[in-house]
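S.K.: build the 3D model from these lines:
(chains A, B, C and D, ligands or ions: 6)
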Amino acid sequence: MPLDVEAAVIANRHLSSDYNVLELAAPEIAARVEPGQFVMVKPRGQQDPLLRRPFSVFEILRDGSRGVIGLSLLSKRIGLSTRRLYDAQAGDHIRCLGPLGKPFVPVTPPTEAWMVAGGVGLAPFATLAEALTQRGTQSRLYYGGRSAADLFYLDWFERLGVELVLTTEDGSRGLHGRVTVPLERDLATGRNICLYACGPEPMLAAVARLAATSNHRVQVSVERVMGCGLGGCYSCVIPVRHGNRTHFVRSCVAGPVFEGQMIDWSTT
Amino acid sequence: MPLDVEAAVIANRHLSSDYNVLELAAPEIAARVEPGQFVMVKPRGQQDPLLRRPFSVFEILRDGSRGVIGLSLLSKRIGLSTRRLYDAQAGDHIRCLGPLGKPFVPVTPPTEAWMVAGGVGLAPFATLAEALTQRGTQSRLYYGGRSAADLFYLDWFERLGVELVLTTEDGSRGLHGRVTVPLERDLATGRNICLYACGPEPMLAAVARLAATSNHRVQVSVERVMGCGLGGCYSCVIPVRHGNRTHFVRSCVAGPVFEGQMIDWSTT
Amino acid sequence: MDLTCRLGSLTLKNPLIAASGCFGYGTEYADIVDLSTLGGVAVKGLFLSEREGHPPPRIIETPSGMLNAIGLQGIGVHRFIQEKMPELRERGAVVLVNICGTTLEEYAELARILSDVEGVAALELNISCPNIKEGGITFGCSLTGTFDVVHAVRQVTQLPVIPKLTPNVTDVASFARASEDAGADAVSLVNTFLAMVIDVETRRPKLSNIVGGLSGPAIRPIAVRMVYECHRAVRIPILGMGGIASARDALEFMIAGASAVQVGTANFEDPFIWPKLLAGITEYMERHRIARIADLVGTLDASRREKEWISS
Amino acid sequence: MDLTCRLGSLTLKNPLIAASGCFGYGTEYADIVDLSTLGGVAVKGLFLSEREGHPPPRIIETPSGMLNAIGLQGIGVHRFIQEKMPELRERGAVVLVNICGTTLEEYAELARILSDVEGVAALELNISCPNIKEGGITFGCSLTGTFDVVHAVRQVTQLPVIPKLTPNVTDVASFARASEDAGADAVSLVNTFLAMVIDVETRRPKLSNIVGGLSGPAIRPIAVRMVYECHRAVRIPILGMGGIASARDALEFMIAGASAVQVGTANFEDPFIWPKLLAGITEYMERHRIARIADLVGTLDASRREKEWISS
Ligand SMILES: Cc1cc2nc3c(=O)[nH]c(=O)nc-3n(C[C@H](O)[C@H](O)[C@H](O)COP(=O)(O)OP(=O)(O)OC[C@H]3O[C@@H](n4cnc5c(N)ncnc54)[C@H](O)[C@@H]3O)c2cc1C
Ligand SMILES: Cc1cc2nc3c(=O)[nH]c(=O)nc-3n(C[C@H](O)[C@H](O)[C@H](O)COP(=O)(O)OP(=O)(O)OC[C@H]3O[C@@H](n4cnc5c(N)ncnc54)[C@H](O)[C@@H]3O)c2cc1C
Ligand SMILES: Cc1cc2nc3c(=O)[nH]c(=O)nc-3n(C[C@H](O)[C@H](O)[C@H](O)COP(=O)(O)O)c2cc1C
Ligand SMILES: Cc1cc2nc3c(=O)[nH]c(=O)nc-3n(C[C@H](O)[C@H](O)[C@H](O)COP(=O)(O)O)c2cc1C
Ligand code: FES
Ligand code: FES
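M.R.: Ligands and ions are numbered 1, 2, ... in the order given. Below is the predicted model:
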C-alpha cells in the first residue's frame, strides 16, 4: 500500500547545472521501497504544474546507526516540475506518494547483473546495486552521458564493488560514443548475464535487441508520461506483446519494469 | 508614466500574525510616488492568483544620505495574495507597477490635517504625514484598530509631530470603540480642518457624513477590487455624483483618492 | 448529521463519487481508499467489447488543468463483470457503471447485461466523451440523440439511468430537460471540454489524437454555471463535477444545484483526497448548522441582482 | 523579417492586437505602450449611447483565469469619436472598433457612423458578450442571427467587418462559416466562456451579475481548438485569442490557424507585455528560419494520427 507523505527536504545537492539530488524525509516510504520503484512528487503549495511527477527512488538514506531516515531523488532539469525540484530548499516540503510500481527482480549468483544507464536513467540503479551486492551478485554498470561532467556517483558505485564501464558522447571520459557499443562488445563473450536498463527509449530498445541477439534476459524500466502512478488514468501505456498481438498496458502498475522482450519496440 | 520593476525584497518585517511591512528595492518608483498613490504587485513566478494586487505605498525608504532606495508596503493578510506577501523572504522578487492613481492633496497652514485610519487603512498616511510636515501643516491621526496589538508605527508618526488619537474596539488602547467617536466629538469644536480617510467603506461613509455635517472638506481613499490599476478593465468602479445623477467611475484612475462628498455612499 | 443523497431510487451514503475514467475500475484504489466510505464509484467507461484506446501521448497538462485523449481503452463489459465486480461487491462499493456505445442498440444491450449484475447501483450513460468519434458524443450533441439513448436504456432497465452531459453545447439545460423527458433519474455534468495543445517547436499536437478533453480546476467556473442552469431547468437530481479539488469546491457545486458531486482530476493529484473532502463538508455543515446535506442543494441566493445600483 | 498580417483589405504591421475590453479605449495605455507599434487596438465595446454597466463586484479571479461581468460600461460611440479618436489617430493606433447593439439597425447605425471616421481601421462586431442579456449574444448564439448582423453591417460599410464569435456554442466553425457567407472579412474568436463563482460562506454569487465571462490561460486549450476548427472551415482570416500570455501562446494560435492574435487578460497582469511578445515571436522566426509570419499560419502538422499504433 503506497503512502502519501509531506516530506521535508533534508538537503538539495546540485550536481551540475541541471542535475540535483533531493533528499526527502520520508522514512515510511523509504523503508518499503524495492529497487526500481518510484514515487509521485509535487512541492507543497504548487499549483502549476497541476499533477505530481514520477521519479525513481535513488538512494535510501540512513543515519549513523543505519536507521532509514528518508530517500533521495536524482533529478534532471528539463521543464517546470524538475526546475521546481532543482530550486527546492532545505525545509521546503515535497508531497511524496509511494512506493509505486513493479520493482526490478535482482538476480543471484552465479548470474551476473549488468546495469545499463543512459543519463538520468542511473536513478533506479543505486538501490538495485545495493540489493545485488547484498545477494553477492557480481555487477557491472554501463553508464553513458553527454560528457564527463554528466556522469555522477561513480565512486559510490565503485565502493559497492560495481564494475564501471563509462561512455560519453564527446569522448571526455570513458569510451567515445553510445553506451550500447561496449555493451555489444562485451555481450559477445559474456555468459549467464541478466541485463537491467534504464534511459531513453531508443537506448532501451537497442539494449533489448542486443539482449535478444545474445540470448540474455533483460529488465527495462520505462519512463512514460504518468498522470497518477496508480493505474487510474491510463495515460502511461506501452505496447506489450501477448502472443502475436500487442496491447496497451499501464506502465505504472504493470511496470515501470518490464521484461525487455515483452515490449513491442517497433512502435515506441 | 508608471514603471514596472522586478523589485528585490530588502526585508520583510512581521508586525503581528497578520500584518507585515515589505520593503522593496524599487527606487525608480519610490522617487516618483506622491502620498496616497498605489502600486500593483505580484511575486515573480506566481501563477495563482493570476492578477497583481493593489497596495498603497507605505514608506519611502532612504539610505543614510537620504537617497531613495525603495518603498515599503503595509500589508494585512486576508487571503492568498497577502499570504504570499506575508511569507516573502529577503531576496525574493516582487513585480511592482507604479506609481498609480490620483494622490492626496496635502493642505497647507493654517488649515489643519486630520487623518482617519481604520486598520490597514493606515498605509497611505505615512507618506501623507511626511508631506504635511514638510509643509508645516499641523496634523493629527485618528487611528482605530481591533486592539492595542493592531496599532502600528505610533512612534513613527509621533516623531514626525503627528498628534495621535487612538481607539480600539476592545478598549485595550486609547478610547474604547470606533474611530469616528472621538472624531465626531472633536469636529464639533474644530475649525479649518481638512479630513483624510482610509479604511473600510462604512468608516469612509461615516467620516464623509461627519465632514458634511461639520462642513469640512474630506479626501477619502477607497479600496475597490482592481484588475489592472490602469483604467483598462473597468472593474474598480465606484458611484460618483455628477449633478443629480451618479455614474460609475474607475477608482484606479479617477481615484483612489476622491473628495468624500463626490461619492454616492448610499449604494456602497 | 445526515449526508445521504438521493438519486432516484438510489440513496448514497454521502454525495462524493469518484468520476468515471479517473478511478480506474475502482479496484486500483482499494488499497488507498475504503471504497465503502465513498458515496459511489463511477467506473471507467465501458463498451460491450474491449478497446485499445488511443496511442500515447494521451495526456498533457495545461494551466490549472489537463487534457486527455485516452480513447476509452477498456476491458469491455463482460470482463468487467467477471474480473472487477466481485471485488467491488466484496469491498462494498456503490458502483455506477459508465457505459458507451456507438448505436442505441449497444447502449440498450449494455443496460440489459448490467441490470442483472448484483452490485451495479446505477448506469451512467456516457454520451459525452469528446475523444472518440464513433460513439456517444454524436448522441450527446443532439437533443433527439440524447432523448433516444436515455429512452432506449430506460426501456430495458430498472436501474437508475444517469446520462452524462457534454459541456460542448450551446444550451446544456435543454439536454438536461431532454434527459428528464426521456425518463432519466438524474443527470451528470460536466464531461470534459474539447481542447488542444500544440508544441510550437515541432508544430505538432501534443496529443496523438490531436484534440482531447480539458478537465481540472480551469473548467470549474464554467461547470458550476452549467450545473446552476440545469438545476433551474429540471427537477431530477444533478451529479455535478468539473475541477472539484476541495470541500469548498464540492460545496460550491451543491449550492449551485448538484445533489452529489464527482471528483476526477483531483484524485490523480491526491488519491487520499476523499476523507479530506468528507471532513471539510461535515465541518462546513457544523459551522453553518446544516443538519442534512440535501438542504444545501440549490440554495444559491441570487438576489444580489436586486441590489443593483441604478443610475438615477 | 516580415511580420505583416492581412485581414481583408487591411494590412497590420504585426499580428499583435490588444483585445477589446482589456485595453480601455487605448488612450489609457498610451503612456506605457507606443500604440503605433501594435498591430492594432480593439477598443472597449461601444453601444450607440452611454452605458453604466453592472454594479460591482465585476471581476473575480479563478484558477488560471478571471471572470468578468463589466456589463459593457461605456461612453457611447459619439463621445468615443469626439473624445478618444483624435488621440488614437495622433498616436498612430490602428483602431478596431468593437461595436454592440440590441437590434440589427443599431449595428448598422454604428457601422454607418464609424465608416466616416478617419482612423477607424475595422469594425469588430461584438455578438458574443455573455454578460448582458439585451444584446449581441442572442445574435451570436444563432446562425441566422450571426448571418443577419454581419450582412446588415456589410451593406453599409467598406470597412473590414470582423464578427467576434462566442465559444458558448456547440459548433463554432458553423458560425465562422455563416460569417463568411454573410461577407465578413475575418472572424475574431473567442470571447469569454459563461461561468460563475459562488462564495460558499454566504451562498451568494461572487459577481453582482451572478454569471460572468471566463478569460485567461485556463481557457487557452479550448480556444486553440476552436481556432483550429474554424481555420479548417473558412478561408477568411482568423483573429485568435483566449489566454495568450506569452509569445509561445501567440505562436500556438497562429499555428492552429490564426492570422493575428489578440491579448486581453494578460495585459492586465503585465501591461508591458507587448514588446516582449514581439521579441519572442521574432526570436522564434529567426530560430525556425521563417521569413514571413504569414507562412506560419495554419501550419499544424496533424499527421501524428497516421502514426497511430494499431493492435494487430
Ligand atoms: C517511472 C518513472 C521514473 C522516473 N524517474 C526519474 C528520475 O529518477 N529522475 C528524473 O529526472 N526523471 C525521472 N522521470 C522523468 C520525470 O518524471 C520527468 O522528467 C518529469 O516529469 C518532467 O517534468 P518537467 O515539468 O520538468 O518537464 P515537462 O516540461 O513537463 O516535460 C518534459 C518531458 O518530460 C516528460 N513528462 C512530462 N510529464 C510527465 C509525466 N507526468 N510523467 C512522466 N514524464 C513526463 C515528457 O517526455 C515531456 O516531454 C521518471 C519518469 C517515470 C515515468
Ligand atoms: C488602492 C488600493 C490600495 C490598497 N492598499 C492596501 C494596503 O496598503 N495594504 C493592504 O493590506 N491592502 C491594501 N489594499 C487591499 C488589497 O489589495 C487586498 O487586501 C488584496 O488584494 C487581497 O488579496 P488576497 O489574495 O490576500 O485576498 P482575496 O482572498 O483575494 O480577497 C479578499 C478580499 O480582498 C479584496 N480584493 C480581492 N481582489 C482584489 C483586487 N484585485 N483589488 C483590490 N482588492 C481586492 C476583496 O474585498 C476580497 O473580498 C488596497 C486596495 C486598493 C484598491
Ligand atoms: C483521464 C480521464 C479519463 C476520463 N474518462 C472518462 C470516461 O471513461 N467516461 C466518462 O464519462 N468521463 C470520463 N472522464 C471525464 C471525467 O469523468 C469528468 O467528467 C471530467 O474529468 C471533469 O471532472 P474533473 O475536472 O474533476 O476531472 C475522464 C476524464 C479524465 C481526466
Ligand atoms: C474585463 C474584460 C472586458 C471585456 N470586454 C469586452 C468587450 O467589450 N468586447 C468584446 O468583444 N470582448 C470583451 N472581452 C473579451 C476579450 O476581448 C477576449 O475575447 C477574452 O477575454 C479572451 O481573451 P484573454 O483570455 O486574452 O483575455 C472582455 C474581457 C475582459 C476580461
Ligand atoms: S499513470 Fe495513471 S494509469 Fe498509469
Ligand atoms: S482596475 Fe482596471 S480599470 Fe480600474
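S.K.: rest of the way, CA atoms for contacts and neighbours
M.R.: OK.
S.K.: next SSE downstream of the longest strand anywhere in chain A?
M.R.: Taking DSSP state E as the criterion, chain A has its longest strand at strand A:3-14. Using DSSP states H and E, the helix or strand that follows strand A:3-14 towards the C-terminus is strand A:19-24.
S.K.: which other helices and strands contact that following strand?
M.R.: With contacts defined as 3 or more CA pairs under 8 Å, 6 or more residues apart in numbering or on different chains; DSSP states H and E, the packing partners of strand A:19-24 are strand A:3-14, strand A:68-76, helix A:80-87.
S.K.: in a helix, residue A:140, correct?
M.R.: No. Judged by DSSP: H, G, I helix; E, B strand; the rest coil, residue A:140 forms no part of a helix; its state is strand.
S.K.: who's in contact with it?
M.R.: Applying CA atoms under 8 Å, 6 or more residues apart in numbering or on different chains to residue A:140 gives the contacts A:113-115, A:162-165.
S.K.: neighbour-wise, which of those leads?
M.R.: When neighbours are counted by other CA atoms under 10 Å in any protein chain shown, residue A:115 leads these with 28 neighbours.
S.K.: can I assume it is in contact with residue A:125?
M.R.: Yes. If you go by CA atoms under 8 Å, residue A:115 and residue A:125 touch, sitting 7.2 Å apart.
S.K.: that older thread, ok, of the contacts of residue A:140, which one's closest to residue C:229?
M.R.: residue A:115 (59.2 Å; CA to CA).
S.K.: that closest one and chain C: what is the separation?
M.R.: Applying CA to the nearest CA, to the nearest Å, the value for residue A:115 to chain C is 27 Å.
S.K.: and what about that residue, helix, strand or coil?
M.R.: strand.
S.K.: gap between the residue in chain A positioned nearest to ligand 4 and residue C:63?
M.R.: Nearest residue of chain A to ligand 4, counting by CA to the nearest ligand atom: residue A:48, 17.8 Å away. According to CA to CA, to the nearest Å, residue A:48 stands 7 Å off from residue C:63.
S.K.: same thing with residue C:107?
M.R.: 35 Å.
S.K.: next one: residue A:217
M.R.: On the measure of CA to CA, residue A:217 and residue C:63 end up 43 Å apart.
S.K.: out of these two, which sits in the busier spot?
M.R.: residue C:63 (23 against 17).
S.K.: contact partners for the more buried one?
M.R.: Residue C:63 makes contact with A:48-50, C:218, D:64, D:217-218, according to CA under 8 Å, 6+ apart.
S.K.: same deal with residue C:222?
M.R.: D:193-196, D:214.
S.K.: before we move on, what about residue A:231?
M.R.: Residue A:231 neighbours (CA under 8 Å, 6+ apart): A:250, A:252-253, C:24, C:28.
S.K.: and the two most separated of these?
M.R.: Every pair of those checked by CA to CA; the farthest is A:252 and C:24, at 12.6 Å.
S.K.: quick one, which of those two is more surrounded?
M.R.: For residue A:252 versus residue C:24, neighbours defined as other CA under 10 Å are more numerous around residue A:252 (30 against 22).
S.K.: wait, doesn't the more buried one sit right on residue A:236?
M.R.: Yes. Counting by CA under 8 Å, residue A:252 touches residue A:236, with 6.6 Å between them.
S.K.: quick one, what contacts the closest residue to ligand 3 within chain A?
M.R.: Closest residue of chain A to ligand 3, CA to the nearest ligand atom: residue A:233 (4.7 Å). By CA under 8 Å, 6+ apart, the contact list for residue A:233 reads A:227, C:21-24, C:268.
S.K.: the same query, at a cut-off of 7 Å, please.
M.R.: A:227, C:21-24 (CA atoms under 7 Å, 6 or more residues apart in numbering or on different chains).
S.K.: ditto for residue A:216
M.R.: A:193-194.
S.K.: distance of it relative to residue A:80?
M.R.: 39 Å.
S.K.: now the phi/psi pair for residue A:122, please.
M.R.: phi -60, psi -30 (degrees, to the nearest 10).
S.K.: need the residues of the stretch 101-250 of chain C near ligand 6, please.
M.R.: Within the stretch 101-250 of chain C, no position is near ligand 6 by CA under 6 Å from any ligand atom.
S.K.: what ranges do the strands span in the stretch 101-250 of chain C?
M.R.: Remark: strands assigned in the stretch 101-250 of chain C by DSSP state E, counting those that start in this stretch are C:120-126, C:161-164, C:187-189, C:193-195, C:198-199, C:204-205, C:212-215, C:238-240.
S.K.: who does the longest one touch, helix- and strand-wise?
M.R.: Put plainly, it is strand C:120-126. Helices and strands touching strand C:120-126, by 3 or more CA pairs under 7 Å, 6 or more residues apart in numbering or on different chains; DSSP states H and E, are strand C:95-99, strand C:161-164.
S.K.: only alpha carbons, please: show the longest one as PDB.
M.R.: Right, strand C:95-99. Extracted as PDB, the C-alpha positions of strand C:95-99 are listed here (Å, rounded to 0.1, in the frame of the first residue of the first chain):
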ATOM      1  CA  VAL C  95     -20.900   1.000  -8.400                       C
ATOM      2  CA  LEU C  96     -22.100   3.400 -11.100                       C
ATOM      3  CA  VAL C  97     -21.200   1.800 -14.500                       C
ATOM      4  CA  ASN C  98     -20.300   4.300 -17.100                       C
ATOM      5  CA  ILE C  99     -21.400   2.900 -20.500                       C
END
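S.K.: quickly list what residue A:100 is bridged to.
M.R.: Beta-bridge partners recorded for residue A:100 (DSSP bridges): residue A:38.
S.K.: where does it land on pLDDT?
M.R.: Turning to residue A:100, the model gives it a pLDDT of 98.
S.K.: wait, what's in contact with it?
M.R.: Counting by CA under 7 Å, 6+ apart, residue A:100 has contacts A:2, A:37-39, A:229.
S.K.: now with 8 Å, please.
M.R.: Taking CA under 8 Å, 6+ apart, one finds A:2, A:37-39, A:229-230, A:252-253 in contact with residue A:100.
S.K.: mind giving me CSV with the residues you listed and columns for pLDDT and distance to residue D:47?
M.R.: Compiled in CSV, the contacts of residue A:100 are given as follows (pLDDT from 0 to 100; distance: CA to CA, whole Å):
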residue, pLDDT, distance to residue D:47
A:2, 95, 60
A:37, 98, 63
A:38, 98, 59
A:39, 98, 57
A:229, 97, 53
A:230, 97, 55
A:252, 98, 57
A:253, 97, 59
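S.K.: can I get those residues in a markdown table including distance to ligand 4?
M.R.: Formatted as a markdown table, the contacts of residue A:100 follow (distance: CA to the nearest ligand atom, whole Å):
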| residue | distance to ligand 4 |
| --- | --- |
| A:2 | 40 |
| A:37 | 41 |
| A:38 | 38 |
| A:39 | 35 |
| A:229 | 32 |
| A:230 | 34 |
| A:252 | 36 |
| A:253 | 39 |
